[in-house]
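S.K.: Fold the following, please.
(chains A and B)
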Amino acid sequence: MVDGGIMSKEKLEVKNLDVYVGKKQVLYGISLEIGAGEIHVLMGPNGSGKSTLANVIMGLPGYSVKGKLLLSSKDFSKMSIPERARAGIFLAFQNSPEIDSVKNVNFMRQASLSCGKNVEASQFKREFEEALNRVGLNAEFYDRPVNFGFSGGEKKKNELAQLIILNPKFAILDEIDSGLDVDSIKRAVNIVKALAAEGKGILLITHSPLLLKYLTPKRIYVMSNGRIVKHGGSEILSKIEREGFTAFDKRM
Amino acid sequence: MLNKDLVVEISKSKKEPEWMLQIRLRALELFLKTPLPTWQIPSLKDLDFDSISYFNPQNIRATSWEELPSDLKRVYKKMGLPEAEQRWLGGTIAQYQSEGIYAKLKEEWQRKGVIFCSLDDAVKKYPELVRKHFANVVPVDDNKFTLLHYAVWSGGSFLYVPRGVEVNFPMQTYFFMKDKREGQFEHTIIIAEEGASVQYIEGCSAPVYDANSLHSAVVEVYAKDNGKVRYSTVQNWSKNVYNLNTKRAIIGKNALMEWVGGSLGAKVSMLYPSTVLAGEGACASHLTITLASKGTVKEGGAKVIHLAPHTRSTIISKSICIGDGHGVYRGLVKIAKGAYDSVSNARCDSLLIGRHAKSDTFPHSDIQETKGTSFTHEASAGRISEKQLEYMMSRGIREQDAMMLYVSGFITPILKEIPLEYAIELNRFIQIEMEGSIG
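M.R.: Numbers count the residues shown, from 1 in each chain, chains lettered A, B, ... in the order given. Take a look at the predicted model:
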């Protein structure tokens, strides 16, 4: 990832994406492009289709999809969920499920082995401990069942720890800020910035402008009723703060 | 053909004493008069007792690994056994067809007076010791299948640990079936005298074959005052096998009995290891993993009888049901009058994989003493949800591996209790079963 020339070729593209649940269309002509090392933000009210887009990129079932999904110009729309993960796509879930019978460390160990990261057990242990520490989870989370009995904030932090361990090319963070207190949000933002600086492309999904107080994204998209109704730089932000998301609906 | 002539022939060829022949003949007579049990979930009506071969005399007897037949070694290898085998070689008895062909005991144990050999040998070499303990914990007429067993039993182990001797090395046997329509009726007796302790490990597996086959073993365990016995078994019979065993321990004052079982293969299983807590302060622990894979019905459980005060029992049962597999827990805890201050806790968890998987729990209790006694039973049945699977898959883990990860976590509390080699093997078998059953 040191070679800027190669790095700059990595990109995640969504082109003219239409998505249906059954016969009902839920996303309309979505296009976006995220380059390596860039932070993009997807905003919009609840129910506008942000999580649907995230789920479709990850390949979660329940949707029929038209349009293109490209990872560094290669179509990945036919890949299975694990294949996408191994190709370098990561989704931090908005509601991560609890898995009571699997320990966090075993889950991450299996995941990183599956993603081709074959390090010594002792090194892995160290890395996972460091990742937990970095996101603000204490050592007990190492051995606890995955997300089991975690608070909303702890789940978000655990998603970030997984992101650090799996080291993907592109990460979609679905409401990584919800349930976090202000200090934790700052910490999360710093991690996101650092990951971007390492060369990962980031798509932050949020419906709260608060997150954007601490970072300057390359681009902001506003979504409403399944469409991207506006995109641009941080100037959009002041309009959202003034008028709310409804300001953009009228332009449809 | 199952009849008197066959029983006499078995006894004769083993050059057994008269008392053993008499036990066999009485058992056969009662067996023929006793109907099949009907209270259990799996049907036994397809069992054809006359089509089973009851006895295959074997004259090969090996005293070292090199002497073992090569196809037997191949099976060992396939099972991933060599490491375990080599390590525990000194204490191994392998049962080939119906008789032990390999029996070796480390010299140091012999010096301590430990006896570990096939029961057939023990009948000849230690007749008094065997006679005193044979058919004593598990009576001949305990049930239909013990009757059959006592009529035609062959093979099995005899393990005797003298007073105060602690064997700090697991004693291990490896049984398996090879020929078609072969019944295996091995009889195992384990005796820990006062203050003695021993761990016994039995593993079973069978190559695939096509006819119904019957396995009906009896295990009798004695842990005398302050004695300690752990009996671990991993059974992986092929899917045409009826596995109907009776295993029971009777334990004395402050003695400890631990049953650790992994029940994997077989078409129908009925296994309810039981412990009779006969002495004050005695303690029993029952741990079972059951895998009910496609097309199988597994009844498992535990039976604990508290006869003395201050006795304790713990039952943990984990069952995994795959495809249309049906796992049944059936338990009985009895606290007899006078067994005051006794406690029993049972916990049964089932994991259902697939829409047609099924589990049932039948915990029975009979608490006759109320002073200071308690009995608890907790049960749960769960499934791996789509959401959980998708989540694991989104981290790069293949569906199959994700399921396995989940299942491994589910059974970890029991896997921890069995030797590493067996834990790995068991994990692998479950994986193979899951591969064949999903998708």
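S.K.: The host helix or strand of residue A:126 - contacts with which helices or strands?
M.R.: Residue A:126 belongs to helix A:121-135 when assigned by DSSP states H and E. Packing partners of helix A:121-135 (3 or more CB pairs under 8 Å, 6 or more residues apart in numbering or on different chains; DSSP states H and E): helix A:104-114, helix A:152-166, helix A:182-197. In short, each C-beta sits where N, CA and C put it, glycine included.
S.K.: Whether the second one contacts chain B - can you check?
M.R.: Yep, that's helix A:152-166 we're talking about. Yes - residues of helix A:152-166 are located near chain B by CB under 8 Å from any CB of the partner chain, namely A:162, A:166.
S.K.: Can you list the buried residues in that helix?
M.R.: For helix A:152-166, the neighbour count (16 or more other CB atoms under 10 Å in any protein chain shown) marks A:153-166 as buried.
S.K.: what angle do that helix and helix A:121-135 make?
M.R.: 140 degrees (axes from the mean of the first three to the mean of the last three CA atoms, to 10 degrees).
S.K.: what about residue B:424, how many residues close to it?
M.R.: Residue B:424 is flanked by 15 other residues according to other CB atoms under 10 Å in any protein chain shown.
S.K.: Apologies, that question was intended for residue B:24.
M.R.: Using other CB under 10 Å, residue B:24 has 22 neighbouring residues.
S.K.: ditto for residue B:1
M.R.: A count of nearby residues for residue B:1, using other CB under 10 Å, gives 8.
S.K.: which residues touch it?
M.R.: When contacts are counted by CB atoms under 8 Å, 6 or more residues apart in numbering or on different chains, residue B:1 is found next to residue B:50.
S.K.: Next one, pLDDT for it please.
M.R.: As predicted, residue B:1 sits at a pLDDT of 79.
S.K.: now do the one 4 residues further on
M.R.: Among the per-residue scores, residue B:5 shows a pLDDT of 94.
S.K.: Secondary structure element for it, which one?
M.R.: Element membership of residue B:5, judged by DSSP H and E, is helix B:4-13.
S.K.: Now mean pLDDT too, for the helices and strands packed on helix A:121-135, in CSV please.
M.R.: CSV is the format used below for the helices and strands packed on helix A:121-135 (pLDDT from 0 to 100):
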stretch, mean pLDDT
helix A:104-114, 95
helix A:152-166, 96
helix A:182-197, 93
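S.K.: among these, which is nearest residue A:235?
M.R.: helix A:182-197 (20.1 Å; CB to CB).
S.K.: list the buried ones in the closest one?
M.R.: A:184-185, A:187-189, A:191-192, A:195-196.
S.K.: any idea which of these is closest to chain B?
M.R.: Of all these, chain B sits closest to residue A:195, with 16.5 Å by CB to the nearest CB.
S.K.: what's the distance between the spatially closest residue to residue B:229 that is not a sequence neighbour and residue B:201?
M.R.: In space, and not counting its chain neighbours, residue B:229 is closest to residue B:223: 4.5 Å by CB to CB, 6 or more residues apart in numbering or on different chains. For residue B:223, the distance to residue B:201 (CB to CB, to the nearest Å) stands at 16 Å.
S.K.: same check, this time on residue B:418
M.R.: In terms of CB to CB, residue B:418 sits 8 Å off from residue B:201.
S.K.: List the contacts of residue B:283.
M.R.: With CB under 8 Å, 6+ apart, residue B:283 has these contacts: B:254-257, B:277, B:311-313.
S.K.: ok, now with 7 Å
M.R.: B:256, B:311-312 (CB atoms under 7 Å, 6 or more residues apart in numbering or on different chains).
S.K.: do residue A:223 as well
M.R.: A:42-44, A:48-50, A:229.
S.K.: element containing it, please.
M.R.: Going by DSSP H and E, residue A:223 is in strand A:219-224.
S.K.: Count the residues that sit near residue 30.
M.R.: Went with chain A since none was named. Counted with other CB under 10 Å, the neighbours of residue A:30 add up to 23.
S.K.: Chain B was what I was after
M.R.: Neighbour tally, residue B:30, other CB under 10 Å: 17.
S.K.: The one 4 residues further on now?
M.R.: Each residue near residue B:34 was counted by other CB under 10 Å, and the total is 14.
S.K.: and if you look at residue B:337?
M.R.: Residue B:337, neighbours per other CB under 10 Å, totals 11.
S.K.: where does chain A dip in pLDDT?
M.R.: For chain A, the stretches flagged by pLDDT under 70 are A:1-8, A:249-252.
S.K.: residue boundaries of the strands in it?
M.R.: Ranges of strands within chain A are A:11-21, A:24-35, A:39-43, A:64-71, A:74-75, A:89-92, A:99-103, A:145-146, A:170-174, A:201-205, A:219-224, A:227-232, based on DSSP state E.
S.K.: so which of the ones you listed gets nearest residue B:3?
M.R.: strand A:99-103 (51.1 Å).
S.K.: What strands flank that closest one, and is each parallel or antiparallel?
M.R.: Taking DSSP bridges as the criterion, strand A:99-103 sits next to strand A:145-146 (antiparallel) in its sheet.
S.K.: Distance from the strand it pairs with to the middle of the chain?
M.R.: 21 Å (CA atoms, centre = their mean, to the nearest Å).
S.K.: which non-adjacent residue is nearest residue 35?
M.R.: In the absence of a named chain, this looks at chain A. The spatial neighbour of residue A:35 that comes closest, neighbours along the chain excluded (CB to CB, 6+ apart), is residue A:11 at 4.8 Å.
S.K.: was after chain B, sorry
M.R.: Closest to residue B:35 by CB to CB, 6+ apart is residue B:144, at 7.3 Å.
S.K.: if I pick the one you found, what's in contact with it?
M.R.: So residue B:144 contacts B:31, B:34, B:36-37 (CB under 7 Å, 6+ apart).
S.K.: Can I get these in TSV including secondary structure, pLDDT and distance to chain A?
M.R.: Below are the contacts of residue B:144 laid out as TSV (DSSP: H, G, I helix; E, B strand; the rest coil; pLDDT from 0 to 100; distance: CB to the nearest CB, whole Å):
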residue	secondary structure	pLDDT	distance to chain A
B:31	helix	96	43
B:34	coil	94	43
B:36	coil	90	38
B:37	coil	89	34
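S.K.: Close to chain B: what parts of the stretch 51-200 of chain A are there?
M.R.: Residues of the stretch 51-200 of chain A lying near chain B by CB under 7 Å from any CB of the partner chain: A:58, A:60, A:81-82, A:85-86, A:91, A:93, A:96-97, A:99, A:101-103, A:106-107, A:110-111, A:114-115, A:162, A:166.
S.K.: Between the contacts of residue A:223, which sits nearest residue B:366?
M.R.: So of the contacts of residue A:223, ranked by how close each gets to residue B:366 (CB to CB), first place is residue A:50, at 59.3 Å.
S.K.: Briefly note if the host helix or strand of residue B:352 comes near chain A.
M.R.: Counting by DSSP H and E, the element that carries residue B:352 is strand B:343-353. No - using CB under 7 Å from any CB, strand B:343-353 stays clear of chain A, with a minimum separation of 7.9 Å.
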